[in-house]
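[1] take this sequence and fold it.
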Amino acid sequence: MTATKNMAKANDQGRYWIATVLAIFLLLTTAPVVAGSVQVQQVQTRLLNKVYYLDAQLEYDLTEPMLEALHKSVPLTFVLYIEVFKQRDYLWDDGVAELEQRYQLEYLPLTQQYQVRNLNSGALHNLPSLQVALSVLGTVVDLPLLDHELLVADEPYQARLRAQLDIEELPVPLRLLSYFSDEWRLRSEWYSWSLQH
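    Model (predicted):
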């Protein structure tokens, strides 16, 4: 009789956990999506001393969960992916160079400032407001792209750029949540342009 009661109790607990997991899953998949965005507004490349340099302007709009995490001292890492390739008519494009530029946005509660750090170069900016920090984060100036010698004269080349939040850099609990929530999927469309040489 006791064994039957224990088995019934274990079954009830199992059903409870299954129902809880299902409820969380439904909550995550049916909650209204408040998606942020990142848009590439403008890109320009120029040749100086046989090196191509890139300037770009991006606009970041963070979601409420991102802002909440940021203000609880969770740094957010953003990545710019840049590719240069040779266009071909009948085959897939021929990759010439790939570049990954990483930035970190952090809130410093003691000083009530925001910090933008270029993780590639180590350059650091302490800023008075989120609006200014997002503006600095979205401004790319004089980024070395590639050496002119890597390009063949009179061949058509294209470059493209995309920005996104790197969810793999989030703390584990947030990272797990981000896999199931669109509120953490911040990614721009590819922005393409011709590379003049």
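[2] contacting residues for Thr111?
    Residues in contact with Thr111 (CB atoms under 8 Å, 6 or more residues apart in numbering) are Asn126. In this view, the C-beta of every residue, glycine as well, is placed from N, C-alpha and C.
[3] any chance you could map the strands in the protein?
    37-48, 51-61, 76-86, 94-108, 113-118, 124-127, 139-147, 157-165, 191-194 (DSSP state E).
[4] just how off-centre is the fifth one within its chain?
    Right, the one you point to is strand 113-118. Distance of strand 113-118 from its chain centroid, counting by CA atoms, centre = their mean, to the nearest Å, is 16 Å.
[5] between that strand and strand 139-147, how many degrees?
    Strand 113-118 and strand 139-147 are oriented at 10 degrees to each other (axes from the mean of the first three to the mean of the last three CA atoms, to 10 degrees).
[6] list the helices and strands strand 113-118 packs on?
    Judged by 3 or more CB pairs under 8 Å, 6 or more residues apart in numbering; DSSP states H and E, the packing partners of strand 113-118 are strand 94-108, strand 124-127, helix 130-137.
[7] and those, which one's lowest on average pLDDT?
    Ranked by mean pLDDT, these bottom out at strand 94-108, with a mean of 92.
[8] could you give the angle of that strand to strand 76-86?
    170 degrees.
[9] may I have strand 94-108 as PDB, with CA atoms only?
    C-alpha atoms of strand 94-108 as PDB (Å, rounded to 0.1, in the frame of the first residue of the first chain):
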ATOM      1  CA  ASP A  94      35.500  34.400 -53.900                       C
ATOM      2  CA  GLY A  95      36.200  35.500 -50.300                       C
ATOM      3  CA  VAL A  96      39.200  37.900 -50.000                       C
ATOM      4  CA  ALA A  97      39.100  39.000 -46.300                       C
ATOM      5  CA  GLU A  98      37.000  38.700 -43.200                       C
ATOM      6  CA  LEU A  99      37.100  41.000 -40.200                       C
ATOM      7  CA  GLU A 100      35.400  40.700 -36.800                       C
ATOM      8  CA  GLN A 101      35.300  43.900 -34.700                       C
ATOM      9  CA  ARG A 102      34.100  43.500 -31.100                       C
ATOM     10  CA  TYR A 103      32.700  46.100 -28.700                       C
ATOM     11  CA  GLN A 104      31.400  45.900 -25.100                       C
ATOM     12  CA  LEU A 105      28.800  48.200 -23.600                       C
ATOM     13  CA  GLU A 106      28.700  48.300 -19.800                       C
ATOM     14  CA  TYR A 107      26.900  50.400 -17.100                       C
ATOM     15  CA  LEU A 108      29.000  51.500 -14.100                       C
END
